[in-house]
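S.K.: Provide a 3D model corresponding to the input given below.
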Amino acid sequence: MPMIEVKLYDRRVTEESVPKMIEALTQALAESSGAAPEHIQVVIQGVEPSHWGIGGKQQS
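M.R.: Now for the predicted structure:
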């Protein structure tokens, strides 16, 4: 089963955004890979900016 894992700043993970992201990502992978949508899994996680680093620097 194909699986997509997405990590975003937690402020972008909302009750409104998650279903839209799951649908769009599932559709994109199904179209590009030929996988059946019912076999595609999507996991979306919110991460606090203080727990995220870019270029050796903590984000906030």
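S.K.: contacting residues around Q58?
M.R.: Residues near Q58 by Cβ atoms under 8 Å, 6 or more residues apart in numbering: S50, W52. Yep, even glycine has a C-beta here, placed from its N, CA and C like the rest.
S.K.: Residue numbering should commence at 897 henceforth.
M.R.: Renumbered: residue one is now 897, and that last one reads Q954.
S.K.: what's across from it in the sheet?
M.R.: G949 (DSSP bridges).
S.K.: Show me the strands in this protein, by range?
M.R.: 899-905, 937-943, 949-950, 953-954 (DSSP state E).
S.K.: any idea how far D906 is from S956?
M.R.: According to Cβ to Cβ, to the nearest Å, S956 stands 12 Å off from D906.
S.K.: Compare these two (neighbour count), which wins?
M.R.: Using other Cβ atoms under 10 Å, the more surrounded residue of S956 and D906 is D906, with 14 against 8.
S.K.: And for the closest residue to that one other than its chain neighbours, the neighbour number?
M.R.: Nearest residue to D906 in three dimensions, chain neighbours excluded: G942, at 3.3 Å (Cβ to Cβ, 6 or more residues apart in numbering). G942 has 15 neighbours, counted by other Cβ under 10 Å.
S.K.: for T922, same thing?
M.R.: 19.
S.K.: and if you look at E919?
M.R.: Under the criterion other Cβ under 10 Å, the count of neighbours that E919 has is 12.
S.K.: about what we covered before: of the strands of the chain, which approaches T922 most closely?
M.R.: strand 937-943 (6.0 Å; Cβ to Cβ).
S.K.: Between strand 899-905 and the closest one, find me the angle.
M.R.: With axes from the mean of the first three to the mean of the last three Cα atoms, to 10 degrees as the basis, strand 937-943 and strand 899-905 are set at 20 degrees to each other.
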